[in-house]
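> With the sequence up front, the predicted model follows.
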Amino acid sequence: MFENDAVKLGISPIGWSNDDMPDLGRENTFEQCISEMALAGFAGTEVGHKYPRDTTLLKKMLGLRNLEIAGAWFSAYLTTAPYERTEKAFIQHRDFLYEMGAEVIVVSEQGHSVQGKTGQPVFAAKPRFTDEEWDRLAEGLNRLGRLAREKGMKMVYHPHMGTGVQTTEEIDRLMSMTDQNRVFLLYDTGHLYLSGEDPVEVLKRYLPRIKHVHLKDVRDPIAAKVKAEKLSFLDGVREGVFTVPGDGGIDFTDIFNILSESNYRGWLLVEAEQDPSKANPLEYALKARKFIKQKTGL
């Protein structure tokens, strides 16, 4: 289905230990996390808050398990703070990932974001940027994309629930305002589906700019509860709105077919934030790996 060596399969540590809610998975160590990733048959991981930042140590720990770093999240504040503040932090983040051999830098604009705020309904309180903020965002992302290219890396933008770039319309606006050679797109099935977008349509529209893929599924009954009860993003995660591919309402058949037929090259990374006390991380990692094998042959 996919060309040989075209894609690598990874999994995020967020199923073991949640960056935004440290009580979820507090008991799970870094070593357990990466050992179970390898045991489940994955080749790479993104960086979580328990990962050591000493690159020599991190390389050793990952090398023992034949794992690579696929990328890592970076929070930008281009709409609400001076550009220089974001740039300084971005360069440090970029250089760390470059040393670890990653080829992409995941960026999400967190100005006005409600994704990390309990008590703020993820749908009703969703921020909307002014025209001036859109201009600052696009200009800032173009500059960050140039900094990524200095190291031969790609900056991939992550549309995310509870932020100013979430919907198809907002993705369209961002893509039209930014340099296609500097600002690429992270394709996240779960965030698009939960937002009410058509993941297949977004995939078709932006294939040339998609350079990183997050695979997550959505439990439809809990998604309906999040909307009806006006839950926050974090409360929705606690309730179990997200799960691994094949365990929710998303049909991945067309998604995998389009990606393979387009000669997509890069990471397919399972990212399903759940409460590990309810969804055993190793069990769900194995479930995701089996599903991807069945659907793609990988």
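Arrived safely, thanks for sending. Residues are numbered from 1 along each chain as shown.
> roughly how far apart are residue 288 and residue 148?
Applying C-beta to C-beta, to the nearest Å, the value for residue 288 to residue 148 is 28 Å. Bear in mind the C-beta positions are built from the backbone N, C-alpha and C, glycine included.
> between these two, which one's more packed in?
A count of neighbours by other C-beta atoms under 10 Å puts residue 288 above the other of residue 288 and residue 148, at 27 against 24.
> gap between the one helix or strand that one maps to and the chain center?
For residue 288, the element it lies in under DSSP states H and E is helix 281-296. Helix 281-296 sits 18 Å away from the centroid of its parent chain (C-alpha atoms, centre = their mean, to the nearest Å).
> Can you give the contact residues for that helix?
For helix 281-296, the external contacting residues (C-beta atoms under 8 Å, 6 or more residues apart in numbering) are 1-2, 9, 11, 15-16, 25, 28, 33, 36-37, 39-42, 215, 243-247, 252-253, 256, 260, 268, 270, 272, 274, 298.
> Report the buried members of those residues.
Neighbour counting with 16 or more other C-beta atoms under 10 Å marks 2, 9, 11, 15-16, 25, 28, 33, 36-37, 40-42, 215, 243-247, 252, 256, 260, 268, 270, 272, 274, 298 as buried within these.
> which helices and strands does the longest helix along the chain pack with?
When the chain is parsed with DSSP state H, its longest helix is helix 131-149. The contact analysis (3 or more C-beta pairs under 8 Å, 6 or more residues apart in numbering; DSSP states H and E) places helix 131-149 against strand 73-76, helix 83-99, strand 104-109, strand 154-157, helix 168-177, strand 183-188.
> From the buried ones among the contacts of helix 281-296, which land in helices?
Counted as lying in helices by DSSP H, out of the buried ones among the contacts of helix 281-296, are 33, 36, 37, 256, 260.
> Serialize those residues to JSON lines and add fields for pLDDT.
Listed next are these as JSON lines, based on pLDDT from 0 to 100:
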{"residue": "33", "pLDDT": "98"}
{"residue": "36", "pLDDT": "98"}
{"residue": "37", "pLDDT": "98"}
{"residue": "256", "pLDDT": "98"}
{"residue": "260", "pLDDT": "95"}
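> quick check, nearest of those residues to residue 161?
Residue 161 lies nearest to residue 256 out of those, by C-beta to C-beta, at 22.9 Å.
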